[in-house]
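Student: structure, please.
(2 chains)
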Number of protein chains: 2
Amino acid sequence: MLKAAGIVVEYNPFHNGHLLHVNETKKVTGADIVIAVMSGPFLQRGEPALVSKWARTKMALASGVDIVIELPFCFAVQHATHFASGAVRLLDAIGCDTLCFGSEDGTVAPFINMVAWKNNNEQLLNEKIKQLSKDGLSYPTATAKSYDLLADNQGSALDLSQPNNMLGFQYIEAIHKYAPGITPFTIKRQASGYHQAELHQEKISSATSIRKAIYEDGITSVSGHVPPETYSGLLQYYNHVKQYHSWEDYWALLQYSILSQSPEELRTYYEMEEGIEYRLIDAARKADSFTSFMEAVKTKRYTWTRLQRIFTHLINHTKKEDFSGNTAPAYLRLLGMSQPGRSYLQRRKKEFGLPLISRVGRNDEQLLSMDLKAGRVYAMGVTNKAARSSLLLADYTNPPIIQL
Amino acid sequence: MLKAAGIVVEYNPFHNGHLLHVNETKKVTGADIVIAVMSGPFLQRGEPALVSKWARTKMALASGVDIVIELPFCFAVQHATHFASGAVRLLDAIGCDTLCFGSEDGTVAPFINMVAWKNNNEQLLNEKIKQLSKDGLSYPTATAKSYDLLADNQGSALDLSQPNNMLGFQYIEAIHKYAPGITPFTIKRQASGYHQAELHQEKISSATSIRKAIYEDGITSVSGHVPPETYSGLLQYYNHVKQYHSWEDYWALLQYSILSQSPEELRTYYEMEEGIEYRLIDAARKADSFTSFMEAVKTKRYTWTRLQRIFTHLINHTKKEDFSGNTAPAYLRLLGMSQPGRSYLQRRKKEFGLPLISRVGRNDEQLLSMDLKAGRVYAMGVTNKAARSSLLLADYTNPPIIQL
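Tutor: Below you'll find the predicted structure:
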C-alpha cells in the first residue's frame, strides 16, 4: 500500500528550504508520497499570498510534492492552535500516517515531552501566561516565557520562543488530541531564522526575506534562492497578473471596509477587540496607504501580525459568529496532484474521512462559502482587469492542477 | 415673529425649476424664510448625488434658500412614505408652519381629499394593491392604479401615477399623521416631466435630463438650464474633485461588497429579497462596469430604482436590523444658512423639537453614525486623493456654510 507523509505549508513562495523539507520528509518517513496542506489566498500571519494558490500549487508539484490540499480559510487565518489542528485533522482524513515539520530544535522527543508536561500542568501554565500578559507581554511571548520558566525546570527543554518550535508543538498537541495514529517527525531547519529579513548567502533564505527582496529589488534578485520551477512560475505569474500581491493592493478595500461600517458593526468582526474601532475609523480617514495606516494604528498591545489578521477578517467579512470554537474540517479541497498523487487518490479515496472536492459544483458552494469568498476578495486586489476576471472565475471553474 | 416655510429637496443639481419653486414658496405661503430639508450624499432613487451635499447646500443658499437641513440617510434612501414622513417631521421640529411642494396637479384640495378617502378605505385599497401586485405590476404602479380604480369613482380625482403627485400625497399624509399644525401648499410643476430625459427648450428641465446632459455632453451643455450660481458651483466642484459622482464611481465598492460576502450575509441587507443573492454574486463576478452589472441583474420584478436602492444599502452596510419600522428623526443637522436663516435659528432654536447640530462633536458621532458612514462611503468613490481626503474630513470638521 502506498504510504503518505503529511506536511503543513504556506509556500509564500516555495524556496530552497521547502525543497529540502520535501526531500527530507520522504527520506525520514520512508513514505511514497508527500501530501501538503497549504493555506489558500490568505495566510496565517494575516497577509495575502504573494501569488495565487494555483500558482503556488504548481510550484509545489514541480518540486516534488504529490498532493496539495487547501487549508480552509477558517483554519488558515488563525492562531497557531487552530491552524495546526485544522491541518492535522485534514492530513489524518486523507490517510497520512506520518507528519514531518521543520523546527529549530530538530528532534521530536522534546516536543512530545512538552505536550505531556503541558497536559499535566495546564492550570499552573495558564495562570503564569495570564500573569505575564498582565505585565504587558504579548500573548505569544507570554506563552513562550511561561513554558520557559515552568517547564524547563522539569527538564523538558524546548525553546518555544523559536517560531517553528512553537508551531511544531501545536502539531504534536493536535496529533495527540485528534489524530493519535499519526507518527510525527521533525527535521532541523537550515540556516536563516524564520523572520530574518536579509537574503542568506547559502541560498537557503526565509520566505520573508525572499518576499522582501522581490518587492524591493525585483524577481531577479531571488533567482538563486528558489528552485528554477518557482522562479519561472513567479515570472509567469507576473506576466499574466502584472503584480505580486501585497497588503498595499488591498488597502482600498480595507479602507472602504472600515469606513463603510459603524464602530458597532466593526466590533462584530473576528478577533476585533473593543476599543480599537474608533481608532481604526479615525486612522482610515486620514491614511493614504496601508503602511501609513499601520503606523497610525499599531500599539504595544497590538502586534503587527494580530492587526494584519484582524484586517484580513475585515476585508473577508469574517464575523465572530462565523467562528464558534474549534470546528472540525468538513472537506478536502484538492488543488493539485502529481501522477503518484493521482494513483494514491484513486486507490485510497474511499477510505478518506472527509469528502474530496476536486471541482466546485453548485451544490458545494454553500459548504465552501468562506473559501470561495476569500478567493473572490483575493481577486479584487488585482488591478489588471483580465487577470482579475480570470482569478474571479478560477475557484469555480479550475480543475485540480495535474503535474505530468 | 419670523415665519418659515418648509420644502423637501434633493437638488441634484439645483436648477431653474427649483429656483421657481423657492420663489413661489415665499409668495404663496407669505413666509419670511424658506427651510429646505435636503437628502445627503445618497438619494431617494438609490444614487450617489452628482456633487457633495456641501456643494449642493451652497447652490441652494445662493439661490434663495435660507436654511438647509440634512435629511438623514435612514429617511433619504427610502420608499416615498418614509422619505416624506422623515422630512415632514424635521420641518415640524424646526418650526415651519407651512410646507410647499411641486406637483403635476397644482392644487392642494385633491391631495387632502385623497388622504381622507384613504383613511376610510385602507383595507379595500390594500387588497386591490395586493391583487394588482400579484398580477405582475410593480408596487408603485399597483398603488397608483388602485387609487385610480377605487378612489376616482368617489370623485376624488388625483392622478397618482404622476411621480410628484404621489410624493405630494405622502407629504400630506405625513402632515396628517405627525404634524397637523403644518399648512400644505402646492405649486404646479412647470414644463417637463420629472423623469424626462431630454433637455427642455424653455430652460426649465428636469434634474434627470440635466445630469444626463452633464455626463454625456459636459457641463457647458446645461448653462441655460441652471442658475448661474449652480453653474459656477458645478464648475468649481469639478475643478476641485475632478469628477461628477455617478454609480460607475462606486462600482468597485459595490462589486467588492457583493463578492466579499456569502449569500447568507447578503440576505441581511435592507430591502434585499431572498432569491437575488446568488444572482448578484454571479453577475458581480462577471461584470466589469456598473452598467453591465445592472443589465445582468435587472428583471421585470426588480425595477431599476429598487435595485439601485438595494445597492446603496449594500455599499453603506445598511442591514434590515438597522431599520426597524418607522423611526422618528432624532436631530436637526444644519448644513448651511443665509443671514435671515441665521437670525431665525438664533431667535427660535430654543423652541425646536430636536437638537440642532451645527458641528459634529465626538459626542454626536454615535447619534449621527449612519450619516457619517454615508459621508465616508460617498468620499470613497472619489479617485483624486486630495479631494477624497478633504471629503473624508468634511463631515467631522466643516462648519455650516454661511451665505453672506
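
Student: any idea how far the residue of the stretch 151-300 of chain A found nearest chain B lies from B:S257?
Tutor: Closest to chain B within the stretch 151-300 of chain A is A:L259: 3.9 Å, counting by Cβ to the nearest Cβ. Where C-beta positions appear, they are placed from N, C-alpha and C, glycine not excepted. Distance, A:L259 to B:S257, using Cβ to Cβ, to the nearest Å: 12 Å.

Student: between the two, who's got more neighbours?
Tutor: B:S257 (26 against 19; other Cβ atoms under 10 Å in any protein chain shown).

Student: check which helix or strand A:I187 maps to.
Tutor: A:I187 is located in strand A:183-188, with elements delineated by DSSP states H and E.

Student: mean confidence for that strand?
Tutor: Confidence for strand A:183-188, expressed as mean pLDDT, is 97.

Student: summarise which helices and strands it is packed against.
Tutor: helix A:16-29, strand A:98-103, helix A:109-120, helix A:163-178 (3 or more Cβ pairs under 8 Å, 6 or more residues apart in numbering or on different chains; DSSP states H and E).

Student: paired strands for the shortest one, with orientation please.
Tutor: For strand A:98-103, sheet partners with direction are given as strand A:4-9 (parallel), strand A:183-188 (parallel), following DSSP bridges.

Student: now those as JSON lines including mean neighbour count?
Tutor: Below are the strands paired with strand A:98-103 laid out as JSON lines (neighbours: other Cβ atoms under 10 Å in any protein chain shown):
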{"stretch": "strand A:4-9", "mean neighbour count": "25"}
{"stretch": "strand A:183-188", "mean neighbour count": "18"}
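
Student: which among those strands is found nearest to B:M1?
Tutor: strand A:4-9 (77.6 Å; Cβ to Cβ).

Student: next, the angle helix A:163-178 makes with that closest one.
Tutor: 130 degrees (axes from the mean of the first three to the mean of the last three Cα atoms, to 10 degrees).

Student: the strand or helix carrying A:S146: which residues count as buried?
Tutor: Using DSSP H and E, A:S146 falls within helix A:139-150. The neighbour-count check on helix A:139-150 (16 or more other Cβ atoms under 10 Å in any protein chain shown) flags A:P140, A:A142, A:T143, A:A144, A:K145, A:S146, A:Y147, A:D148, A:L150 as buried.

Student: which positions in chain A make contact with chain B?
Tutor: Counting by Cβ under 8 Å from any Cβ of the partner chain, the residues of chain A close to chain B are A:252-253, A:255-257, A:259-265, A:278, A:281, A:285-286, A:288, A:315-317, A:366, A:369-370, A:373, A:376-377, A:379-380, A:385, A:389, A:392-393, A:396.

Student: which of the residues you listed count as buried?
Tutor: A:252-253, A:255-257, A:259-263, A:265, A:281, A:285, A:315-317, A:369-370, A:373, A:376-377, A:379-380, A:389, A:392, A:396.

Student: start and end of stretch A:35-46, how far apart?
Tutor: Using Cα to Cα, to the nearest Å, the end-to-end distance of stretch A:35-46 comes out at 24 Å.

Student: circling back to that earlier point, quick one: contacts of the strand holding A:I187?
Tutor: A:5, A:20-21, A:24-25, A:28-29, A:97-108, A:111-112, A:168, A:171-172, A:175 (Cβ atoms under 8 Å, 6 or more residues apart in numbering or on different chains).

Student: just to revisit the earlier point, just the ones in helices from the buried ones among the residues of chain A next to chain B, please.
Tutor: Using DSSP state H, the members of those that fall in helices are A:252-253, A:255-257, A:259, A:263, A:265, A:281, A:285, A:315, A:369-370, A:373, A:376-377, A:379-380, A:389, A:392, A:396.

Student: all set, thanks.
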